[in-house]
Structures are given as C-alpha cells and as structure tokens.
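K.L.:
have a look; sequence and predicted model below, questions after that.
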Amino acid sequence: MDAAALWQRYQDWLYYHEGLGLYLDISRMRFDDAFVATMQPKCEQAFKDMAALEGGAIANSDENRMVGHYWLRDPDLAPTPALKQEITEALDQLEAFANKVHAGEIRPPQAAKFTDILSIGIGGSALGPEFVAAALAPEAPPLAIHFFDNTDPAGFDRVFERLGDRLNSTLVIVITKSGGTPETRNGMVEAKQAFADKGLDFARQAVAITMPGSKMDDLARSEGWLATFPMFDWVGGRTSELSAVGLLDAALQGIDIRSMLAGAKEMDAATRVPDLKANPAALLAIAWYFAGNGKGEKDMVVLPYKDSLLLFSRYLQQLVMESLGKEKDLDGKTVYQGIAVYGNKGSTDQHAYVQQLREGVPNFFLTFIEVLKDREKPSVEVEPGVTAGDYLSGLLQGTRQALYENQRDSITVTLPDVSPRSIGALIALYERAVGLYGFLVNINAYHQPGVEAGKKAAAAILELQMEVVEALEQEGAPLSLPALATVLGATDKTETIYKIVRHLAANQQGVVLEGNPSDLSSLKASLS
Ligand SMILES: O=P(O)(O)OC[C@H]1O[C@H](O)[C@H](O)[C@@H](O)[C@@H]1O
C-alpha cells in the first residue's frame, strides 16, 4: 500500500473518544473490506449477547452466575434495586474506611497510624491491584503497598524484611473471592505467625475482601477482624479490579478511585454502542479475530511505552487467557480457543526481543500502548530540540513502521496520560473486548474449568507427602524409593515420592536422603 493509501486507511479506521482523549488505531492490521463484511453480522450478534449479559442473563451458565462487572461503575444498570444498593453501599463503606485509616481514626493498637499495606491474594485477587499500584500510586503514598501473590516462603520473607519494624503499622488485606485459595491462606497463616512473633494482634490489623459466607468471611468475622468487604458472586476474579478487590488497595494508596470508576463508566458507554466502527472494544475484538483467524493463531504482544504500565501485559494475561483459553465452545465442540499474551515495555524490549519480532517467526501481532503526556514537569533537551520523551515516541513509531514493513501487524492504543481516569477506561476497554471476542468465537469467557485439574493434583501430592512421612516413621530403617512406593501401595507414583522426599530433605523437615543424587536407584530415605 503506498503512503497516500495508508494515510487514508489510517484516517478511515482511527477511533477517537473525545471525553477520554483516547485513540485506537487498527489500520496496521491488514484486513480488507471483505473481512469486515463477514464480521458485521457476527458483531451484531455479539452486541445482542452482550446486552443480554448486561441485563442480568446467566452468562456463566456452568457456575449459574450473572456477569455484572459493568454494574460496578454504573450501579443504575444493575438488574435489581437491591443489587444497586449493595454496590453503592460497598463502595461508600470502603471509601469511608480508607478515609478513616488516612485520618488515623482507624489505627493499629501499637502505632498512631497505618503506614503500610500487605495485600494477600493471587490471580484476579492480585494482578489488578499490582498493575494499578505500579501505574498510579503516588511517589509518597499515605500507605505503601506490598504483595503476597504466591506461596513462596522466600517471597514472604522478602516482604517481611522490607516491612521490618513497621509490621506494627501494617494493614493486612486478605483478598479471595472464593475464600478457599490455598496460596492466599498460606500467606495469611505466615502473616499471622509474624504478627504473633512480635506480640501484635493480627485481627486488629486485618481486613478481608471475600464473598459473604465464604470460609474467609467466617474466619474474619469469628476472629473479629477490623472489617470485611464483599466480593460479589457476579464479579469474576479477572474482572474484579473495579470492585473492592482493587478499589480498597487503591483508595488506601491515595489513588482517586471515583475517577477510575468514571473512566471505566465512560468507556463502558462507548463500548456499548452497537456499531462496529464506533465501538473501540469491537474494533479490538475484530482485530484480534483477524490476526489469529478467529482461532488464536497469533500471540498478542503488548508493549506499553511507559514504565508505569509495565504490569499491564501481566494483568492482561489473566484477563485474556483465562477468559478465552477454552477447550470447548458453547455447543460442546472441541475448539482449543485462546490468545497467548506476553510483553513487557518499550523501548526496553527493543534491546531484548524485538529482533525476533522484526525478523523471526511471524506468530504474533503487536499492541502498542502509547501515552501522549511524557511527564508532569518540563523536559530537558537530551540533544538540541529533542527530549527523552521525543525519543520514546520516535522509538514507538519507528518500531511500528519497521514491523509493518516486514508484514508484522499492530494495533496502537493511545492514552492522553497515565491517570486514574485513563487506567479505568483502559481496563474497561479490554474487559469488553474480551467479552465481545468470546461471543465472536462462541465460547464462555466467564468460567475457568481447566484451572481445577492442577489444584486437585497438588492436593493429592500433599496428601501423599503425609503418607510418605508416616510410612518412614513406621518403617524406621532407610528405604529405597521403589521400596517406599511399595509400602505406600503407590508403585505408579515413584517419581512423585522421590520429589517429595528430595524436597523434604532439602528443607530440614526431618527426612534424610542418602546415596548418590545422580543415581536414583542408590537413594535411601529415612527420618533423621
Ligand atoms: O480470589 P480467589 O477465589 O482466591 O481466586 C484467585 C484465582 O484463583 C483461581 O485460580 C482462578 O482461576 C482465578 O480466576 C482466581 O482469580
């Protein structure tokens, strides 16, 4: 396509949202009019499906749940007055709580004010809060945030060391929708122990965000924690950033949560428009469809040219991959859907893996996230007439151009700034794009049946560990791995048993493994 035709295509496809100052450019995805014509009827159906979902249909039929994250930012749209009230009350309560914490009216027993937050959660109960903290927390927030988002003991220790003596002024926020996620429970148990070791009263510094009636809810209430905030069953983990899950952490850090919600609400209105060209989420969804042939054949590489948006791709990984990565479609047909997402930030990645993007295997499409505003204060010139921000902008344009010349397609989302409003809008844009794409490819974007298998297998391994220790206790004498497996009646699990004893032996957990580590048949396990 010559320069004039490309400029025309750019103008034809550039979407601009006036209120939000947000642009979306899909002109560098090389679809043609015939493709758009085939997508029109599919989009029309997707708009109808989305309207039904927003109206309170059971969109997550497996879990028999409504899907209502859109109501969080516009409670007037909630299907019943009771739901509307629940949403507004929860928001008012969490805001009042954050204000009281800031004012020192809610304070820890042994300090004048809370200084730090320890946010414990995983998946949807961590990724949004982490992304938003990195993007929006001020340099000197009223409370500094730290995360447990795993069950890695060394990870816990690192955070404890960072908190040091400030544990007595740390507010612990345990976030778990289901209330039963083991990694989160483990983080909470470790935090409780750390508090006990320092003679601190955990309950008076702890808050839970969970579904009413969950295990965590019961625990928090029975132990008299400072507060509990509801996570609604109609909000999925990966779309929960604009519920209490993300908003409490954000408010406590001094982030303007009403602006985040307002930005999301405005974007929701724009992505509700049943007209492909006027709907940025639909434009994104058809661009993804085009890139991967409606089958996720190409990966989505997400490159924000802004340090503070570094975690956006990690946040999107869950939103996109857990929503779209499905074996079966809505008719029960095996389809193996999904779109793989990865990315870091520009221009940093240009010095890392853009070489492969430009010349290597063409199995991806790019999404550039551009931010128009470089910084708050004026910039110095790094060369005559040129600032560091000009470089960042030039590098983005240059990379987009160089990739396009080599048949590598890209989308560009341009934000006016990194502000609560823009970030709220960006989150809402992708939530809706994922929802619409799910309808386009006929899958349920709101469940995650595949996640259970690994969890069940892990639980079985921990059960086997208990049996291994019991067997070693009873046997007394050192046992070879096959002998141990025989005693346990689990000769089909020798490898698992080996890994259990190797891990126990490496961690002073009372098990010794003697022999030559490179000759597994020589190994013998016993209790120390
Ligand atoms: O918030 P929780 O119930 O603890 O769940 C945390 C995460 O757990 C699971 O692995 C789900 O697949 C995720 O969607 C969820 O975000």
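P.N.:
Sure thing, it's come through.
K.L.:
tell me which strands and helices the helix or strand encompassing residue 433 is in contact with?
P.N.:
Taking DSSP states H and E as the criterion, residue 433 maps to helix 420-440. With contacts taken as 3 or more Cβ pairs under 8 Å, 6 or more residues apart in numbering; DSSP states H and E, helix 420-440 sits against strand 22-25, helix 33-54, helix 127-136, helix 257-270, helix 280-292, helix 323-324, strand 410-415. Glycine gets a C-beta too; all of them are placed from N, C-alpha and C.
K.L.:
which parts of that helix are buried?
P.N.:
Judged by neighbour count (16 or more other Cβ atoms under 10 Å), helix 420-440 contains these buried residues: 420-440.
K.L.:
could you redo the helices and strands packed on helix 420-440 as JSON lines and give each row distance to the ligand, mean pLDDT and mean neighbour count?
P.N.:
Formatted as JSON lines, the helices and strands packed on helix 420-440 follow (distance: least, Cβ to the nearest ligand atom, whole Å; pLDDT from 0 to 100; neighbours: other Cβ atoms under 10 Å):
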{"stretch": "strand 22-25", "distance to the ligand": "27", "mean pLDDT": "98", "mean neighbour count": "21"}
{"stretch": "helix 33-54", "distance to the ligand": "18", "mean pLDDT": "97", "mean neighbour count": "15"}
{"stretch": "helix 127-136", "distance to the ligand": "8", "mean pLDDT": "98", "mean neighbour count": "24"}
{"stretch": "helix 257-270", "distance to the ligand": "19", "mean pLDDT": "98", "mean neighbour count": "22"}
{"stretch": "helix 280-292", "distance to the ligand": "21", "mean pLDDT": "98", "mean neighbour count": "25"}
{"stretch": "helix 323-324", "distance to the ligand": "9", "mean pLDDT": "98", "mean neighbour count": "23"}
{"stretch": "strand 410-415", "distance to the ligand": "24", "mean pLDDT": "98", "mean neighbour count": "22"}
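K.L.:
identify whichever of these lies nearest to residue 344.
P.N.:
Among those, helix 127-136 comes nearest to residue 344, with 12.6 Å by Cβ to Cβ.
K.L.:
give the next helix or strand downstream of the closest one.
P.N.:
strand 144-148.
K.L.:
ok, and does that next one reach over to the ligand?
P.N.:
No. Counting by Cβ under 6 Å from any ligand atom, the ligand is not contacted by strand 144-148; separation bottoms out at 12.0 Å.
K.L.:
for the helix or strand containing residue 398, packing partners?
P.N.:
Here residue 398 is covered by helix 388-405, with elements defined by DSSP H and E. Other helices and strands packing on helix 388-405, by 3+ Cβ pairs under 8 Å, 6+ apart, are helix 354-359, strand 364-371, strand 410-415.
K.L.:
let's see 6 Å
P.N.:
strand 364-371 (3 or more Cβ pairs under 6 Å, 6 or more residues apart in numbering; DSSP states H and E).
K.L.:
returning to what we had before: quick one, the helix holding residue 433 and strand 364-371 angle?
P.N.:
160 degrees (axes from the mean of the first three to the mean of the last three Cα atoms, to 10 degrees).
K.L.:
where's the closest residue to residue 240 other than its chain neighbours relative to the ligand, distance?
P.N.:
Nearest-residue entry for residue 240: residue 124, 5.2 Å, with adjacent residues in sequence omitted and distances by Cβ to Cβ, 6 or more residues apart in numbering. From residue 124 across to the ligand, the span is 3 Å (Cβ to the nearest ligand atom, to the nearest Å).
K.L.:
wait, residue 124 touches residue 239, no?
P.N.:
No. At 7.5 Å, residue 124 does not count as touching residue 239 under the criterion of Cβ atoms under 6 Å.
K.L.:
following element in sequence after the lengthiest helix in the chain, please.
P.N.:
Scanning the chain for the helix with the most residues, using DSSP state H, yields helix 451-475. Later in the chain than helix 451-475, the nearest helix or strand by DSSP H and E is strand 479-480.
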